[in-house]
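**Student:** just the structure for this:
(one chain, ligands or ions: 3)
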Amino acid sequence: PSADGRRHYRLTLAPGSSDLLPGRRTPTWGANGSYLAPTLRARRGDRVSVDVRNRLPEDTTLHWHGMLLPAVMDGGPHQMIEAGGTWNPYWTVSQPAATLWYHPHPHGATAAHVYRGVAGMIILDDEHSARASLPSEYGVDDVPVVIQDKNFHDDGSLDFTEVKLAESVAGADNLGVLGDTILVNGTYDPYFEVTTRRVRLRLLNGSNARVYWLGLTNGRTFHLVATDTGLLARPRAMERLLLAPGERAEIVVEFRPGDDVVLRSFEPALDLGFPTERFMGGDDTFDILALRAARTLRDSPPLPTRVDGAPGPVEAPAGATVRSFDFTGLQINGRTMDMNRIDQVVPAGATEIWEIERGDEWVHVFHVHGATFQVLDVNGQEPPEFVRGPKDTVYLYEFGTTRLAVRFDDHVDEERPYMYHCHVLRHEDEGMMGQFTVV
Ligand code: C2O
Ligand code: CU
Ligand code: CU
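**Tutor:** Ligands and ions are numbered 1, 2, ... in the order given. You can find the predicted model right below:
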């Protein structure tokens, strides 16, 4: 960073070798390192520019998930970076404080590129977040937690074997990789040494397909303070939250001296029915991160009862355009992704109602680029409390319809589209994706 609000980043994507497992070497990919990528940080109003060098053996892209920026800078499947090539996106940060992330998005190969390790967190700050009474010392009481599941061969190499069900499950026979080994920030069997009374965890589900149902082993509540695209106006106490691939949640956890607590993923209620639920991880429990508190803890700022300047709910005007999307059988509205077809055209700055219907017994996760949304209801009921905040990604909970109020950004481009898709990366690769332009 420099004083005048310019941030310049250099990211070199390259293959490497990592010690992800004790005593083994794993061939991986990363940015500026052999696995994962640096946390990028910027403030609202900053002009960001990035030099991306692709030293990988394959063409790829780098997508800024959750960032509001022109479609040509979005890093979706149309902004390919050739193997050996470079890409120089730039934009002005024009959105509230949030935890975002970045990852490759080449059509048909996103799952493999992310699984090999290319992904990083982005932290955006703004004038309100800087004043909010929240833990904010990076790595001390404000900690990135990138959660991923992997499978390894005995020699330490990544296992790409995918979960496939019988062909009889109509159209959708592939979830991609569901790993039985959890890594946090690329670390196996991770723990964090807590030195303060309160710690803010910036949780990111960077997994290809696994859904986590997170809580603390001591049964205590934690406070949700932010969802995907911004802070909540009021921190909300809860015991569990669901985190689907691509989703983020910021939570504040309270500690007593000497506490030894584990952030665990309990059996998630995926609402998929028998026997699918079990095959999709519905019976799985994992320890995610051990949290070990010191004998004496530094005091922390009190948890705010309200966060001034947090973005309010996205509200659609009366008579807002309604669009419906059927997520069934690896298709959206019966169609597979076509790079040359624009599926929707949205007026710049519009707020619309998008109704997402899940029509089969598979894990599907809705994500839209270039926009922020509010979950209005799920099958006509109030949505779960952990999704009541600014979002860009949401698990499609049950058979039926998830209704969203979606506010689109105002960067006009009649030619180049943004994407909406299932964030189960294998589904996205197989074409469960559509394109829209903002005009
Ligand atoms: Cu995180 Cu279109 O993706
Ligand atoms: Cu995205
Ligand atoms: Cu899906």
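**Student:** enumerate every residue touching the residue of the chain found nearest ligand 2.
**Tutor:** Going by C-beta to the ion, ligand 2 is nearest to His65 of the chain, at 3.7 Å. Every residue, glycine included, has its C-beta placed from N, CA and C. Residues in contact with His65, defined by C-beta atoms under 8 Å, 6 or more residues apart in numbering, are Leu100, Trp101, Tyr102, His103, Gly246, His367, His369, Asp392, Thr393.
**Student:** that one pairs with what?
**Tutor:** Beta bridges link His65 to Trp101, judged by DSSP bridges.
**Student:** do you know how far it is from Ala294?
**Tutor:** Taken as C-beta to C-beta, to the nearest Å, the spacing of His65 relative to Ala294 amounts to 34 Å.
**Student:** interface residues of the chain facing ligand 3?
**Tutor:** With C-beta under 5 Å from the ion as the criterion, the chain comes near ligand 3 at residues His364, Cys422, Val424, His427.
**Student:** OK, contacts around Thr393?
**Tutor:** Residues in contact with Thr393 (C-beta under 8 Å, 6+ apart) are His65, Asp228, Ala244, Pro245, Gly246, Glu247, Val365, Phe366, His367, His423.
**Student:** let's see that with 6 Å instead.
**Tutor:** For Thr393, the contacting residues are Asp228, Gly246, Glu247, His367, His423, taking C-beta atoms under 6 Å, 6 or more residues apart in numbering as the criterion.
**Student:** swap in Trp213?
**Tutor:** Counting by C-beta under 6 Å, 6+ apart, the residues that Trp213 touches are Arg240, Leu242, Ser265, Phe266, Pro268.
**Student:** wait, which of those is closest to Gly434?
**Tutor:** When the contacts of Trp213 are ranked by distance to Gly434 (C-beta to C-beta), Leu242 comes first, at 24.5 Å.
**Student:** beta partners for the closest one?
**Tutor:** The residues paired with Leu242 through beta bridges, assigned by DSSP bridges, are Trp213.
**Student:** that one and Leu396, how far apart?
**Tutor:** Between Leu242 and Leu396 the distance, using C-beta to C-beta, works out to 12 Å.
**Student:** quick revisit: need the contacts of Trp213 in CSV (columns: neighbour count and pLDDT).
**Tutor:** Output for those, formatted as CSV (neighbours: other C-beta atoms under 10 Å; pLDDT from 0 to 100):
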residue, neighbour count, pLDDT
Arg240, 19, 97
Leu242, 21, 97
Ser265, 24, 98
Phe266, 15, 97
Pro268, 25, 91
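**Student:** among these, which lie within strands?
**Tutor:** If you go by DSSP state E, these have Leu242, Ser265 in strands.
**Student:** can I get the contacts of Thr393 in JSON lines including pLDDT?
**Tutor:** As requested, the contacts of Thr393 are arranged in JSON lines below (pLDDT from 0 to 100):
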{"residue": "Asp228", "pLDDT": "98"}
{"residue": "Gly246", "pLDDT": "98"}
{"residue": "Glu247", "pLDDT": "98"}
{"residue": "His367", "pLDDT": "98"}
{"residue": "His423", "pLDDT": "98"}
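**Student:** what ranges do the strands span in the stretch 251-400 of the chain?
**Tutor:** Taking DSSP state E, counting those that start in this stretch as the criterion, the stretch 251-400 of the chain contains strands spanning 260-265, 286-298, 322-328, 331-332, 344-346, 351-358, 365-368, 371-378, 393-395, 400-408.
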